[in-house]
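Q: only geometry, no sequence info:
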């Protein structure tokens, strides 16, 4: 039933399907943005893990008879990441440097950004074993 003052048109409306077209255009941008945010979250998580591994390695090296091997064991146990541990002793303190490379392998994002190298240092005074 037609309302008074309105006429039925035999021509289709010009904006039919507009929402579907806008959705189809916006969806890839939204998906890439969500994947990029997830990749940034992984990078931040791995940075925190490397900092934690450096602190754990420095604590272990400060009280061990063999600081280098103690730092390597503690840093490797503190994180699931493959890490490279360097230990140096100077002026009654031990410094542990932990390095890890984080590949950016998220779909669509991995090709845009290079791998991220995380590096953290921690220094603790040497204590007698």
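A: Thanks, I have the structure now. The model shown is predicted, which means the values in this text are computed figures rather than measured ones.
Q: Can you point out the buried residues in stretch 35-50?
A: 36, 39, 46, 47, 49, 50 (16 or more other C-beta atoms under 10 Å). Yep, even glycine has a C-beta here, placed from its N, CA and C like the rest.
Q: With adjacent residues omitted, what lies nearest to the fifth one?
A: Closest residue to residue 49 in three dimensions, ignoring its sequence neighbours and counting by C-beta to C-beta, 6 or more residues apart in numbering: residue 79, at 4.3 Å.
Q: For that neighbour, give its distance to residue 85.
A: Distance from residue 79 to residue 85, counting by C-beta to C-beta, to the nearest Å: 11 Å.
Q: Find residues that contact each of these two.
A: Shared contacts of residue 79 and residue 85, defined by C-beta atoms under 8 Å, 6 or more residues apart in numbering, comprise residue 53.
Q: Identify, from the buried residues of stretch 35-50, the entry nearest to residue 107.
A: Here the nearest of the buried residues of stretch 35-50 to residue 107, counting by C-beta to C-beta, is residue 39; it sits at 9.6 Å.
Q: gap between the helix or strand containing residue 44 and the chain center?
A: Applying DSSP states H and E as the criterion places residue 44 in helix 18-63. How far helix 18-63 lies from its chain's middle: 4 Å, per C-alpha atoms, centre = their mean, to the nearest Å.
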